[in-house]
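Chemist: predicted model, plus sequence, below.
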Amino acid sequence: MDLPQNTDTQFGFVSVIGAPNAGKSTLMNQMVGAKISIVSPKAQTTRTRVLGIVVNEYDGHKTQIAFVDTPGIFKAQKRRLDKAIVAAAWEGVVDSDAILYIVDASLKNPMAHNQDILTGLKSQSLGSKKVTLVLNKVDLINPEKLLKLTTAFNAEFDFDATFMVSAEKNRGVNDILKHYTKRLPAGPFMYPEDELTDMPARLMAAEITREQVFRKLHDELPYNMAVDTEAWDERPDGSIEVHQVIYVTREAHKPIVLGKGGQKIKAMGMAARQEMEKIFECQFHVKLFVKVREQWDEDPEHYRIWGLDPHQD
Ligand SMILES: Nc1nc2c(ncn2[C@@H]2O[C@H](COP(=O)(O)OP(=O)(O)OP(=O)(O)O)[C@@H](O)[C@H]2O)c(=O)[nH]1
Ligand SMILES: [Mg+2]
């Protein structure tokens, strides 16, 4: 693990926050240049802090930026898991060096969807921390609406800059990198230069499968489905054998995941294997199982795996 010795560098954590489905994970993946955080059309796809690390050089600056993708911050609900998710998200925000706040500009009324976050931003003690506004999904809207939105959001909060991007189409994303390359604190890199995330491989593999479950099932399954990697073994030939369990909360969901004659789960396993091979750059064998655990979302073990605190009030 060779860390660069010179101190003529910058390093900082940038929290990526925004309402569910705003495109936080898509944007982070684009900035890092790799699929680190899973993406789906369902709200609340991201469940915990996911780090995406990138080194960028611009205008004589060499900066390592550690983006922290957070779960969509939403109104606190009754469920323990939701509370823990919201608390973890704000904790990360307060600990970071800068905040990137992303808004889905294509919504009918983006302001209404962002009241909780704007209120949250105003009430957190941010010190000198800068908040940068990113209006996303500009591929879906006209420029006139965009200007109005810029004015309206800047009237609500003192953002240091506003960017208009399409994360999905990778438009305008590089300007955000340039922005941070010049603005983060001077100091040595905190991670090796080629590191893309600090997520353990087993958890990353579970996330890859969770994304495939979302993709193959669309709206057939409620969002409280989980994937755990139960076994991770290296075979003598260097390939990796992974056993994973897809947890559903009801017996009735099991056949949905399996599909006719096990077709669905087979397809998920194949797609997950391909994705793992791309990310980890070695051969994989993926075995998927489905189990019913009625209250996995109330199980403290699950919180431990995710680094969440189950005792949030
Ligand atoms: N048209 C368009 N769609 C986008 C853009 N960015 C993201 N999306 C889509 O928006 C959906 C949500 O994207 P995510 O990156 O998962 O959003 P998120 O904010 O991380 O969502 P949560 O983790 O659930 O809070 C996905 O279907 C993306 O493909 C964009 O610039 N344009
Ligand atoms: Mg996400």
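Modeler: Good, I have the coordinates. Ligands and ions are numbered 1, 2, ... in the order given.
Chemist: if I pick the nearest residue to residue 225 once chain neighbours are set aside, what's in contact with it?
Modeler: Ranked by CB to CB, 6 or more residues apart in numbering and with sequence neighbours excluded, the top spatial neighbour of residue 225 is residue 248, at 5.6 Å. Any C-beta I mention is one placed from the backbone N, CA and C, and that applies to glycine too. For residue 248, the residues meeting the contact criterion (CB atoms under 8 Å, 6 or more residues apart in numbering) are 221, 225, 254, 256, 257, 290, 291, 292, 293.
Chemist: list the contacts for the first one?
Modeler: Neighbouring residues of residue 221 by CB under 8 Å, 6+ apart: 213, 248, 253, 256, 257.
Chemist: neighbours around the last one, how many?
Modeler: This points to residue 257. 22 (other CB atoms under 10 Å).
Chemist: pull the number of nearby residues for the residue lying closest to it once chain neighbours are set aside.
Modeler: Nearest non-adjacent residue to residue 257, counting by CB to CB, 6+ apart: residue 290, 4.8 Å away. Per other CB under 10 Å, the neighbour tally for residue 290 reads 19.
Chemist: report the secondary structure state of residue 290.
Modeler: Classification of residue 290 using DSSP: H, G, I helix; E, B strand; the rest coil returns strand.
Chemist: can you pull up the bridge partners for it?
Modeler: residue 246 (DSSP bridges).
Chemist: residue numbers of the protein in contact with ligand 2?
Modeler: 24, 25, 45, 46 (CB under 5 Å from the ion).
Chemist: list the contacts for the first one?
Modeler: Contact partners of residue 24, counting by CB under 8 Å, 6+ apart, are 16, 17, 18, 37, 46, 69, 70, 72, 102.
Chemist: distance of the residue nearest to residue 225 from residue 221?
Modeler: Per CB to CB, to the nearest Å, residue 248 is found 7 Å from residue 221.
Chemist: hang on, the earlier thing: pick the one among the contacts of residue 248 closest to residue 133.
Modeler: Minimum separation from residue 133 among these (CB to CB) is found for residue 225, which lies at 32.9 Å.
Chemist: I'd say that closest one and residue 254 touch.
Modeler: No. Using CB atoms under 8 Å, residue 225 is not in contact with residue 254; the gap is 11.1 Å.
Chemist: the more surrounded of these two?
Modeler: residue 225 (20 against 14).
Chemist: could I get the contacting residues of that one?
Modeler: Contacts of residue 225 by CB under 8 Å, 6+ apart are 210, 213, 246, 247, 248, 249, 253, 257.
Chemist: you'd agree the first one is in a helix?
Modeler: Yes. Under three-state DSSP, residue 210 falls within a helix.
Chemist: wait, it touches residue 228, no?
Modeler: No. Here residue 210 does not reach residue 228: they are 9.9 Å apart, not a contact under CB under 8 Å.
Chemist: okay, now residue 134: neighbour count?
Modeler: Neighbours of residue 134 (other CB under 10 Å): 28.
Chemist: equivalent analysis for residue 149, please.
Modeler: Neighbours around residue 149, by other CB under 10 Å: 21.
Chemist: how about residue 150?
Modeler: For residue 150, using other CB under 10 Å, the count is 17.
Chemist: not counting its neighbours along the chain, what's nearest it?
Modeler: residue 162 (5.3 Å).
Chemist: next, residue 233: secondary structure please.
Modeler: strand.
Chemist: residues touching it, list them.
Modeler: Counting by CB under 8 Å, 6+ apart, residue 233 touches 240, 241.
Chemist: redo that, cut-off 6 Å
Modeler: By CB atoms under 6 Å, 6 or more residues apart in numbering, the contact set of residue 233 is residue 241.
Chemist: which residues of this structure lie near ligand 1?
Modeler: Contact residues (CB under 6 Å from any ligand atom) of the chain with ligand 1: 18, 20-26, 39-41, 43-46, 71-72, 136-137, 139-140, 166-168.
Chemist: what about the residues you listed, which are in strands?
Modeler: Counting by DSSP state E, the residues of the chain next to ligand 1 place residue 136 in strands.
Chemist: could you identify the buried members of the residues of the chain next to ligand 1?
Modeler: 18, 20-26, 39-40, 44-46, 71-72, 136-137, 166-168 (16 or more other CB atoms under 10 Å).
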